[in-house]
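> I would like to see how this sequence folds:
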Amino acid sequence: MCGPCLLGSGTWVAAEVGPISTILIGIILVVFASLLIAMGLCFLVIARAWLRAFLSGAPVTVWELLGMMLRRSPMKDIVGWRIRAAQLGLPVTTAQLESAHLQGVRVERAILAMAQAKEVGKDVGWEDILSADREGRLKELL
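Take a look at the predicted model:
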């Protein structure tokens, strides 16, 4: 017999559980608890970054943050750059910032250069800034 059983009189009787079943149940509970803790920590990291961006007026989706975490991109830095770009009024998306970082561009410098170009009145796009930074001619562009 396995599990609780209902007798003809309507009372429940517990079946005997062997030592192997007890160990297996213990292992399953430990694995389940570990998964819950890991998911909770990931949620806290993502929630903190999302809340920081949301309160700063720089929209970043939870899915973008989860993708950054899975790709091992510097989520904190990218969110910071996204906030700075939004506060400067620059039309740069989170995906563009992450892509620029992965290309080896100094993103913070590129954002400041784009803001400076906007301030001076030059019509310079994000891709122009990135190519100038990769080629080392960012100062010439401005």
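
> residue boundaries of the helices in this protein?
Secondary structure of the chain (DSSP state H): helices at 19-56, 62-71, 75-87, 94-102, 107-120, 126-135, 138-141.

> shaky segments in the protein?
1-18, 139-142 (pLDDT under 70).

> Tell me which residue is most central in this protein.
Leu65 (2.3 Å; Cα atoms, centre = their mean).

> Contact partners for Ser34?
Taking Cβ atoms under 8 Å, 6 or more residues apart in numbering, we find Ser34 in contact with no residue. Backbone N, C-alpha and C define where each C-beta goes, glycine included.

> still on that earlier bit, from Glu98, how far off is the residue nearest to the centre of the chain?
11 Å (Cβ to Cβ, to the nearest Å).

> Need the overlap of contacts for the two.
Residues touching both Leu65 and Glu98 (Cβ under 8 Å, 6+ apart): there are none.

> List the contacts of Arg82.
Applying Cβ under 8 Å, 6+ apart, the residues near Arg82 are 53, 58, 60, 92, 94, 97.

> repeat that with 7 Å
Going by Cβ atoms under 7 Å, 6 or more residues apart in numbering, Arg82 touches 53, 58, 60, 94, 97.

> Off-centre distance for stretch 67-79?
Stretch 67-79 has its C-alpha centroid displaced from the chain centroid by 5 Å (Cα atoms, centre = their mean, to the nearest Å).
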